[in-house]
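*Asks:* Okay, sequence plus prediction incoming.
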Amino acid sequence: MATSMTTRKASPEAIFNMLNAYQQTAALRTAIELDLFGIIGAGVTSAEAIAAKAGAKVRGVRILCDALTIHGLLAKTEGRYELSPDAAVFLDSKSPACIAPIVGFLGRSELTKNFSVLAETMRSGKPPEDTVAEAENPVWVAFARSMAPMTVPSANFMATLLGAQNGQPMKVLDIAAGHGNFGITIAKLNPNARIVAQDWASVLTVALENAQKAKVETQMQVLPGSAFDVEFGEGYDAVLLTNFLHHFDAATNEKLLKKVYAALKPGGRVVTLEFVPNKDRISPPMPAMFSLVMLATTAEGDAYTYAELEGMLRNAGFANTAAHPMPGLPQTVLISEKGH
């Protein structure tokens, strides 16, 4: 039987952990900046040797590596360090699945400073730095340049759900495309796919660079401007709405979804990728905690439950919505079809 909140022995540990969490962030950012995970992954394992390779002092390397060991990213045996499985896959700069570049977005001052004034935001109802209110906000160029590695599993999952691997001609609109990786993944799997990437002009520069690297630039065209203002055109087989709806309130999302519905051909599908908490809004932990990110960075955004998202889609005209939780990842793909 689970211990109730009233009978569990009180401890200040969780309070200290929350108040000191910024220290963990600083430790991880520093390790990424010094490429400690890449150095250790290459077989350099003592504090002295790591320090020489990283151009840092031995004392600092020893203390930082011990801290990373305490938090499970390294292991330490007789004064030598090795990568944990998570660090080997996701933080070693030589790993094809390395996501360390995301620190370039998640660690930006525009985002972190908002959390230091959260009480003020709760009183006023608006964060000091609203990341979605300003056209051509440079934070989204940083997002496009930093976050692409994080999207590889979800992009492959979505492309497979859409049947891109079957090679049938597809016209796809990628709204708020950012790095462009979701549309690019479809194009790589399907040479008959045509991708229209929509975003701010400065951000689309990054998407085009990534399309060129993937050798699918001839399959992509760009549509610069606000998703709420530009003309999408029509006849799309699929519209991608990845990590976008959480920035806005339900009424704003329904307005956009009605526009998406009109752009799809009969039988076309809108594919939504979101952090989707359970009805209780406190589980699973990561999707549920994403609401706090939206509180700190947007005026009206939230992490919406399935029922809330399904309601928005239904009000926009989509009668059937199927949820596809991503295996091993904290997000859910929703696929909604336009009736024939």
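*Replies:* Done, it's in.
*Asks:* and Val203, how many neighbours does it have?
*Replies:* 26 (other C-beta atoms under 10 Å). From N, CA and C alone the C-beta is placed, and that goes for glycine too.
*Asks:* and Val239, helix, strand or coil?
*Replies:* strand (DSSP: H, G, I helix; E, B strand; the rest coil).
*Asks:* Might one say that it is in contact with Ile175?
*Replies:* Yes - using C-beta atoms under 8 Å, Val239 makes contact with Ile175 at a distance of 6.5 Å.
*Asks:* which residues are in contact with both of those two?
*Replies:* Taking C-beta atoms under 8 Å, 6 or more residues apart in numbering as the criterion, Val239 and Ile175 both touch Val260.
*Asks:* residues contacting Pro12?
*Replies:* Applying C-beta under 8 Å, 6+ apart, no residues qualify as near Pro12.
*Asks:* do you know how far it is from Asn20?
*Replies:* Here the distance between Pro12 and Asn20 works out to 12 Å (C-beta to C-beta, to the nearest Å).
*Asks:* Please apply the same query to Tyr304.
*Replies:* Distance from Tyr304 to Asn20, by C-beta to C-beta: 31 Å.
*Asks:* what's the single longest strand in this structure?
*Replies:* strand 264-274 (DSSP state E).
*Asks:* Show me what the helix or strand following that one is packed up against.
*Replies:* Per DSSP states H and E, the first helix or strand lying C-terminal to strand 264-274 is helix 285-297. If you count contacts as 3 or more C-beta pairs under 8 Å, 6 or more residues apart in numbering; DSSP states H and E, helix 285-297 packs onto helix 109-115, helix 118-124.
*Asks:* quick one: average pLDDT of stretch 236-251?
*Replies:* The pLDDT scores in stretch 236-251 average 97.
*Asks:* Make 411 the first number, not 1, from now on.
*Replies:* Sure, I'll start numbering at 411, so the last one becomes stretch 646-661.
*Asks:* Show the pLDDT at Met411.
*Replies:* pLDDT, Met411: 42.
*Asks:* Give me the neighbour count for Asp639.
*Replies:* 8.
*Asks:* Work out for me the element it sits within.
*Replies:* Per DSSP H and E, there is no helix or strand for Asp639.
*Asks:* Could you give the backbone dihedrals for it?
*Replies:* phi -110, psi -30 (degrees, to the nearest 10).
*Asks:* Next up, the contacts around it.
*Replies:* Applying C-beta under 8 Å, 6+ apart, no residues qualify as near Asp639.
*Asks:* now swap in Ala497 and tell me
*Replies:* Per C-beta under 8 Å, 6+ apart, neighbours of Ala497: 447, 451, 478, 483-484.
*Asks:* Pull out the buried positions in the one helix or strand it maps to.
*Replies:* Following DSSP H and E, one finds Ala497 within helix 495-500. Of all the residues in helix 495-500, those buried under the rule 16 or more other C-beta atoms under 10 Å are 497-498, 500.
*Asks:* Can you lay out those as JSON lines showing pLDDT and distance to Lys625?
*Replies:* Below are these laid out as JSON lines (pLDDT from 0 to 100; distance: C-beta to C-beta, whole Å):
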{"residue": "Ala497", "pLDDT": "98", "distance to Lys625": "31"}
{"residue": "Ala498", "pLDDT": "98", "distance to Lys625": "29"}
{"residue": "Phe500", "pLDDT": "95", "distance to Lys625": "26"}
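*Asks:* Out of the residues you listed, which is nearest to Ala624?
*Replies:* Minimum separation from Ala624 among these (C-beta to C-beta) is found for Phe500, which lies at 21.5 Å.
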